[in-house]
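**Q** Quick one: sequence plus predicted model below, questions after.
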Amino acid sequence: MKLDVAGVGKDYLIPVLDTVSFRVATGEFVCLLGPNGCGKTTLLRIIGGLEPATRGVVLLDGTPVVAGDAHDRKVGVVFQEDRLLPWLSLEANVALVLRPLGLASAARRAVARRYLALAGLAGFEDYYPGRVSGGMRQRAAIARALAIEADVLLMDEPFGALDAQNRRIMQTEVRRIWKETGRTILFVTHAIEEAVALGTMLVLMSARPSRVRELIRNDARVERAKLIDDLNTMIMEEVLRQQGGAPLG
Ligand SMILES: Nc1ncnc2c1ncn2[C@@H]1O[C@H](COP(=O)(O)OP(=O)(O)O)[C@@H](O)[C@H]1O
Ligand SMILES: [Mg+2]
């Protein structure tokens, strides 16, 4: 599914997103970087139809996203916190989001088990969230987002709460799932190495009110160490700009 973010802006009490524009081809893995508070979560919520834009439009395969279309199947979301219901098993948590799709209960369970297995949780279907590790809960949250078979997966700093080791494991897993499912992924992170390890395309946002500062294609020809260096410099400049400090250099 193609994604077109066309001149999207958002004002709260202050303008947060000025005009943000970029295009994403089907199957792309986009990593969104930018200083804290520049509006990454806001942008993801607008793309996911959880929040209206003040200006501009988001198109999914040419169709505008309408905020509040709750049962729209086109977009799945994974947040930093897993948002699982503690009184339901992992399987029941995933099966729950399939209810609006009109599947019978046995079919919902089958789909839930399939996606839990894909997320590396075969054998843990009957566990409750409180009984598994943070990494496993985050896997279940990913399985839940995949299970609705959305074409676009939005992930907002999904591994922010994980320790370094689990984080690396989950990066590998998400990359594998992306390859196996061919979904388009939009992944917010403030970890530059993570973005460079995962993304096929990097979107660097500026300080608030934000625009796209750089769009970087991250293919095999890119020299990773230099890219990480450059990104570090650019993000530091935007962080300082946002704090009202003088830009570097
Ligand atoms: N519902 C809201 N009402 C008012 N201000 C908000 C709301 N949501 C976010 N903001 C403000 O918008 C700015 C961007 O927030 P956010 O999108 O969470 O940034 P990021 O995810 O890049 O850290 C922040 O200054 C935040 O305080
Ligand atoms: Mg955020």
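**A** Noted; the coordinates are in hand. Ligands and ions are numbered 1, 2, ... in the order given.

**Q** Can you report how many residues lie near Glu149?
**A** Counted with other C-beta atoms under 10 Å, residues neighbouring Glu149 total 14. Placement of C-beta: from N, CA and C, glycine included.

**Q** what's the neighbour count on Gly39?
**A** For Gly39, the neighbour count with other C-beta under 10 Å is 26.

**Q** Check the gap between the residue nearest the centre of the chain and Tyr115 for me.
**A** Centroid-nearest residue in the chain, with C-alpha atoms, centre = their mean: Met155, separated by 1.7 Å. Going from Met155 to Tyr115 by C-beta to C-beta, to the nearest Å gives 15 Å.

**Q** Ligand 2 versus Lys10, what's the distance?
**A** As judged by C-beta to the ion, to the nearest Å, Lys10 and ligand 2 stand 13 Å apart.

**Q** mind checking which helix or strand that residue is in?
**A** Taking DSSP states H and E as the criterion, Lys10 maps to strand 3-11.

**Q** Can you mark which positions in that strand are buried?
**A** Neighbour counts over strand 3-11 (16 or more other C-beta atoms under 10 Å) mark Leu3, Asp4, Val5, Ala6, Val8, Gly9, Lys10 as buried.

**Q** which residues pair with the fourth one across the strands?
**A** The residues paired with Ala6 through beta bridges, assigned by DSSP bridges, are Val57.

**Q** Would you mind confirming that it makes contact with Val57?
**A** Yes - counting by C-beta atoms under 8 Å, Ala6 does reach Val57; the two are 5.2 Å apart.

**Q** burial of Lys40, as a residue count?
**A** Counted with other C-beta under 10 Å, residues neighbouring Lys40 total 23.

**Q** Identify the residues contacting it.
**A** Residues in contact with Lys40, defined by C-beta atoms under 8 Å, 6 or more residues apart in numbering, are Leu32, Gly34, Asp156, Val188, Met205.

**Q** Would you mind measuring from the last one to Pro35?
**A** What that stands for is Met205. For Met205 relative to Pro35 (C-beta to C-beta), the value is 8 Å.

**Q** what do the two both touch?
**A** With contacts defined as C-beta under 8 Å, 6+ apart, the residues shared by Met205 and Pro35 are Glu238.

**Q** quick one: the strands in this structure?
**A** Counting by DSSP state E, the chain has strands at residues 3-11, 15-24, 29-33, 55-60, 63-64, 75-78, 152-156, 184-188, 201-205, 212-217.

**Q** Around ligand 2, pick out the residues from the protein.
**A** Residues of the chain found near ligand 2 (C-beta under 5 Å from the ion) are Lys40, Thr41.

**Q** Pick out the residue of the chain closest to ligand 2.
**A** Of all residues in the chain, Thr41 sits closest to ligand 2, at 3.2 Å by C-beta to the ion.

**Q** How about that residue: what's its closest non-neighbour residue?
**A** Computed as C-beta to C-beta, 6 or more residues apart in numbering, the closest residue to Thr41 that is not its neighbour in sequence is Asp156, at 5.6 Å.

**Q** Over to Trp87?
**A** Leaving out its chain neighbours, the residue that sits closest to Trp87 by C-beta to C-beta, 6+ apart is Tyr128, at 7.5 Å.
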